[in-house]
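S.K.: with the input below, show me the fold.
(2 chains)
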Number of protein chains: 2
Amino acid sequence: MPDSRNQLQDIARQLRVDSVRAAAAAGSGHPTSSMSAADLMAVLVGRHLHYDFDRPDHPGNDRFILSKGHASPLLYAAYKAAGAVTDEELLTFREQGSRLQGHPTPRALPWVEVATGSLGQGLPVGVGMALSGKRLDRIPFRVWVLCGDSELAEGSVWEAAEHAGYEHLDNLTAIVDVNRLGQRGPTRHEWQLSAYADRFRAFGWHVVEVDGHDVDAVDRACHEAASTVGQPTVILARTVKGRGVASVENREGLHGKPLPDADAAVEELGGVHDVRVEMRRPAAARALHAVRSGHLELPRHALGDAVATRTAYGQALAALGTARGDVVALDGEVGDSTRTEYFAKEHPDRFFECYIAEQQLVAAAVGLAARGWVPYASTFAAFLTRAHDFVRMAAVSGADINLVGSHAGVAIGEDGPSQMGLEDLALFRAVHGSTVLYPCDAHQTGQLVAAMAGLDGISYLRTSRGDSPVIYGPEEKFPVGGSKVLRSSDADRLTVVAAGVTVHEALAAAEALEREGIAVRVVDLYSVKPVDRDTLREAAEHTGCLMTVEDHREQGGLGDAVLDAFTDGRPVPRLVRLAVRTMPGSASPEEQLRAAGIDAESIAAAARLLVEQGVVR
Amino acid sequence: MPDSRNQLQDIARQLRVDSVRAAAAAGSGHPTSSMSAADLMAVLVGRHLHYDFDRPDHPGNDRFILSKGHASPLLYAAYKAAGAVTDEELLTFREQGSRLQGHPTPRALPWVEVATGSLGQGLPVGVGMALSGKRLDRIPFRVWVLCGDSELAEGSVWEAAEHAGYEHLDNLTAIVDVNRLGQRGPTRHEWQLSAYADRFRAFGWHVVEVDGHDVDAVDRACHEAASTVGQPTVILARTVKGRGVASVENREGLHGKPLPDADAAVEELGGVHDVRVEMRRPAAARALHAVRSGHLELPRHALGDAVATRTAYGQALAALGTARGDVVALDGEVGDSTRTEYFAKEHPDRFFECYIAEQQLVAAAVGLAARGWVPYASTFAAFLTRAHDFVRMAAVSGADINLVGSHAGVAIGEDGPSQMGLEDLALFRAVHGSTVLYPCDAHQTGQLVAAMAGLDGISYLRTSRGDSPVIYGPEEKFPVGGSKVLRSSDADRLTVVAAGVTVHEALAAAEALEREGIAVRVVDLYSVKPVDRDTLREAAEHTGCLMTVEDHREQGGLGDAVLDAFTDGRPVPRLVRLAVRTMPGSASPEEQLRAAGIDAESIAAAARLLVEQGVVR
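M.R.: Reported below is the predicted structural model:
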């Protein structure tokens, strides 16, 4: 461990040199943003981070998040200094196939905890990790988050500040590289550290202000952070963008660009060195979340019982929490609506109240997942849109998280459009590698909730506010990627594809149509992504026409999902879409379904029209 | 104007009574959340709001936003007190067809400025209105925002606090109804007003703490707010949820429910009254934004010139700002990338720097639009996901705003997935009543930017980072809802539908295929929503197969958009989709297009395969 000022300065110099060289080799990147934070990074890796590069999954490792992800050259330079990557690999920065991407992601590198590059996300995710350390792992690792000053304008940073302050997360340290310059010019507060200090202090943080180029001062600040009890600490470091190369120091217009003359810059910085840093080792620690308990006992209902799928979710989640010690739940202060209150009651130690802060809600789930927990985060489906960017970035991270949105669709009734999830299927289907599930009864919900725990990536479950009848038995299986054909005959002239509340409408419509001599197939497409290609193709072949019925906007939902079975050039069946095309107002659930044209009568009327027009056989 | 304590208390009593009655009539709603704020509302409408109910568009009207939109009974009760709605209408609350919806929206009521119900949005939108008053209208109206305490957990509130404090918006007052109880229990800070006071003060606000049931104190606080210069003011009002009815006061478990015994409650509150409030009238004022200037001179380029569509956007926006005095621009601190810097340079008085706070960016646009301005708000397409809930609510409001996302798709190159907009088309297509445009060359971009100014609702334009050749002449027209057939012949065996960067790839592929004797039609589908049904149907009829090629996820984008022409039961052509199916890393733009399988060679290869397989004629 380097213990002299000179040694730390040598490391910082090398980090600058290597940042400049990496960006020069790539022909792009953010060297000046790396140079401002080089002394901070040198002190961190040289004296404070406890980390075993050979065992990135060591439970005692400190966590480090480069929230200002564009300063990736600095991170990779630090990896080189720690001996984790070679100089040769360093110079592959931003090349196709290189692990050293423009912005760091855990998909590429085992030492990266979470993908960054969308600003304002590192601290909220760090809060999730710190919560894990403090409340679940009970391991004294620290979480260090290196932030830029520009990103403090993001509200998500203040959701995190609130959460961390309130939860007394003294294992969390934010280091802010206050280099005064954002992408296109000065930040709001430039070098006025007191502006940031006042804000963090108000949110309950311990604040240390330092000259970010004085390695001794930074070292003392890190010690102060580590020894502060009962409060998270923020180190506000006054720095100079481009520090170390006179021609680029503190100059506008150089963000995200290699240095104009990299060779001269490297020379000015003292030339290429190969200082190796011996990092502090983590203390011995054992991960607790491997602990699992017994058999999963999902609740059982009688056929025909009226149970809301949100209630079935809450019950199943509580049961899953009993069966698996690694399942945790989070909520955005609507647990009485989403029904996570059932889990909270039975497993209070593994429940995280995130209040009305959906970005922090999802970020905490990502942080907990990074520590090996299996999180279920819930709020109204409508309000998950608030966390869209966090979901997107979680997919970039390859995070395994489960998100559950309640109060889907117009079926919620009187509360009106602000509370209706009508775009959530579109949002989650477009997320890379996601799974999207939409159950229609209690048993189906329970099975899918359990299945989600074993899925990779972002899994989304959509639940409904109102009661619906139990139509499946407790032993019925619902594989992800499957569907259920609820009615079929050789005489089917049309296939109605439904999910969630519209399954019950479709069944009622099919019964009415049968009485009129029109046979209709009904498919419960509970797995919206991936879809059950075989069943849809068979239905297309037999009936020639698919009518999708969904309590969602007509774009991006069920109507688009069925196409996933037909976009390889094969013949496509005729398609009819019933979906929510208007802006709803207040009305009862039944009136809403009727007004949107997705109730049983509307389905039957549309089917009759298709028969009359000769569109279906 | 009521000028005694007693008169104000009478009004407050009536607001409570009517809130209880409205919720009782509806059988749902939030009376207890209304009752806590009744005294605040009585003082506001009784003594401080300058408002002409007969002229809701009066430029001198104060703006009032009920950020805690669930307290809608209180708002409607106030409308009744002001004589704007009858008692009979009040009791239609939450009925189908009633203007008095569960959460207020301007689509239903002319006096509502903006839809609320998704918490944490009122203050950011209020900032937009206050900016308009201060910097554009230069009319001394005030903006009053009534917030709940729960919603202060939303980061968007702190984006707004930062923006308002930094801009010294002394025409903005937030009144926080600190009733201690959120939906499912106590808030983080309960009645600890100092916690909120510290936070707002740190962000540069003037803070007044009051007993929210002492009408004199509230009156003094409002006067203090109105007379505070150089700072926005927050009035932190300690209140009791359910105030006035002993059995529900300060009790958990009663959020969002009618009172158990409404008749007894009304009696306890003194019975039904019919107090009429004479409100203060707005000062005479004239709206400035009707001012328009001259002819629009869009930049002209030579065919073949290499111009990025983001650059064309910036140039067109600057030109539009010259032609129209009502056009304003906002950016999320990336104006050098989105190119709004061109507008900022030419029209600094109408440019709003929102720093890295995308929720505030979109909310400010909504607030400016509510004041009659024509806003264009820009950031990276990827980061507009951050504001998804604000976009959703803007649609509920029926707001006319233009959003422009740059750096779309994998084509940005080395920066990697965190910066790539790959889900934006899905996001914006699913927004009710939206328009989605994706130009491929500079002239097309310019025309579409100009057209957006005249569109209703949410309009989205997707721009690209890299240069692309100018392929259209400066006089070419690009109607919204149209498309361009760039190549066609009677021998076409396949139609390639592309937009943006993939148009150029499709043209190159078509040329290569032509040399092999495979004729291919190419459609530039620059209007992604609405789509050009006629052209797509004709292409389907002639060629039998549509191949969509998009720099976007395969869900919710171009591939789904073409289906909008075929979901009425008519025969559907064969479909093939080329889209981004993997998680990209860093690579050059060309390598990215190749790796995603959406470059010219991939298109040609897919077409050849379809020919070989006999899928196309």
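S.K.: how about A:F478, what does it touch?
M.R.: Neighbouring residues of A:F478 by Cβ atoms under 8 Å, 6 or more residues apart in numbering or on different chains: A:439, A:444, A:447-448, A:451, A:472, A:484, A:526-527. Just so you know, the C-beta spots here come from the backbone N, C-alpha and C atoms, and that holds for glycine as well.
S.K.: rerun at 6 Å
M.R.: Contact partners of A:F478, counting by Cβ atoms under 6 Å, 6 or more residues apart in numbering or on different chains, are A:444, A:447-448.
S.K.: the closest residue to it other than its chain neighbours sits in which helix or strand?
M.R.: Distance criterion Cβ to Cβ, 6 or more residues apart in numbering or on different chains; nearest residue to A:F478, sequence neighbours excluded, is A:Q447 at 4.6 Å. Here A:Q447, judged by DSSP states H and E, is contained in helix A:442-452.
S.K.: so A:P232 is in contact with A:E167, correct?
M.R.: No: contact criterion Cβ atoms under 6 Å: A:P232 and A:E167 do not qualify, at 8.6 Å.
S.K.: quick one: which of those two has more around it?
M.R.: A:P232 (30 against 19; other Cβ atoms under 10 Å in any protein chain shown).
S.K.: separation between the more buried one and chain B?
M.R.: Applying Cβ to the nearest Cβ, to the nearest Å, the value for A:P232 to chain B is 15 Å.
S.K.: check A:T338 too.
M.R.: Distance of A:T338 to chain B, computed by Cβ to the nearest Cβ: 10 Å.
S.K.: confidence score at the nearest residue to A:V207 once chain neighbours are set aside?
M.R.: Leaving aside its chain neighbours, A:V207 sits nearest to A:A197 (4.6 Å; criterion: Cβ to Cβ, 6+ apart). Confidence at A:A197, expressed as pLDDT, is 98.
S.K.: what is the strand or helix carrying A:A197 packed up against?
M.R.: Element membership of A:A197 [criterion: DSSP H and E] is helix A:193-202. Judged by 3 or more Cβ pairs under 6 Å, 6 or more residues apart in numbering or on different chains; DSSP states H and E, the packing partners of helix A:193-202 are strand A:206-211, strand A:233-238, helix B:193-202.
S.K.: just to revisit the earlier point, what are the contacting residues of the helix holding A:Q447?
M.R.: Residues contacting helix A:442-452 (Cβ under 6 Å, 6+ apart): A:296, A:298, A:301, A:307, A:309, A:312-313, A:316-317, A:320, A:402, A:437, A:439, A:459, A:470, A:472, A:474, A:478, A:480, A:526.
S.K.: A:V549 - that's part of a helix, no?
M.R.: No: per DSSP: H, G, I helix; E, B strand; the rest coil, A:V549 lies outside any helix segment and is strand.
S.K.: that one and A:P584: what is the separation?
M.R.: Separation of A:V549 from A:P584 (Cβ to Cβ, to the nearest Å): 16 Å.
S.K.: show me where the stretch 51-200 of chain A has its strands.
M.R.: Using DSSP state E, counting those that start in this stretch, the strands of the stretch 51-200 of chain A run over residues A:63-66, A:143-148, A:172-178.
S.K.: swap in the stretch 451-600 of chain A?
M.R.: Under DSSP E, counting those that start in this stretch, the stretch 451-600 of chain A gives strands at A:458-462, A:467-469, A:484-487, A:495-498, A:521-524, A:527-529, A:545-553, A:574-580.
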